[in-house]
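>>> give me a model of this one.
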Amino acid sequence: QVQLVESGGGLVQTGDSLRLSCVTSGRTFIDYAMGWFRQAPGKEREFVSSIWTGGQTYYADSVKGRFTISRDNAKNTVYLQMNYLKVEDTAIYYCAGGSSYRASRDSRDYIHWGQGTQVTVSS
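Residues are numbered from 1 along each chain as shown. Coordinates of the predicted model:
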């Protein structure tokens with residue numbers, strides 16, 4: 001059984017930083033792309049960032065230059081470093097495991113999902 005477990009969310013102030021982590025178990029982590037999505041209250045889930053197995057990354061325009069995705073294949077872990085947080089970054093953040101080595105911005109290309117971790121940014 002594949003499991004993705006996120007951690008690292010919390011309540012911070014505008015301009016602060018957080019690092020989210022997501023540990024994968026139950027499949028060969030190195031073979032698959034990983035992604036981060038988020039869902040704010042009353043809004044649809046949206047793409048944040050993704051990373052290919054080879055390390056190539058994609059970012060949503062809203063987080064480019066502030067967020068950094070990375071992966072540690074030895075630890076089966078993908079990270080999302082979030083700097084200069086804004087109130088509009090408030091959401092539940094979900095880690096997602098891809099269906100292949102290719103990263104994507106489309107949630108339909110991800111077949112495994114974590115339970116989500118809450119990030120709240122106050123002004």
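
>>> for the rest of this, base every contact and every neighbour count on C-alpha atoms.
Noted.

>>> need the contact list for the most centrally placed residue in the chain.
Of all residues in the chain, the one closest to the mean position by C-alpha atoms, centre = their mean is Trp36, 2.4 Å from it. By C-alpha atoms under 8 Å, 6 or more residues apart in numbering, the residues touching Trp36 are 47-50, 80, 93-96.

>>> mind doing that once more with 10 Å?
Taking C-alpha atoms under 10 Å, 6 or more residues apart in numbering, we find Trp36 in contact with 20, 22, 46-51, 59, 69, 78-80, 93-97, 105, 107, 113-114, 116.

>>> in strands only, show me the residues you listed.
Under the assignment DSSP state E, these contribute 20, 22, 46-51, 59, 69, 78-80, 93-97, 113 to strands.

>>> what's the pLDDT at Arg66?
pLDDT, Arg66: 98.

>>> my bad, Ser21
98.

>>> that one bridge partners, please.
Ser7, Tyr79 (DSSP bridges).
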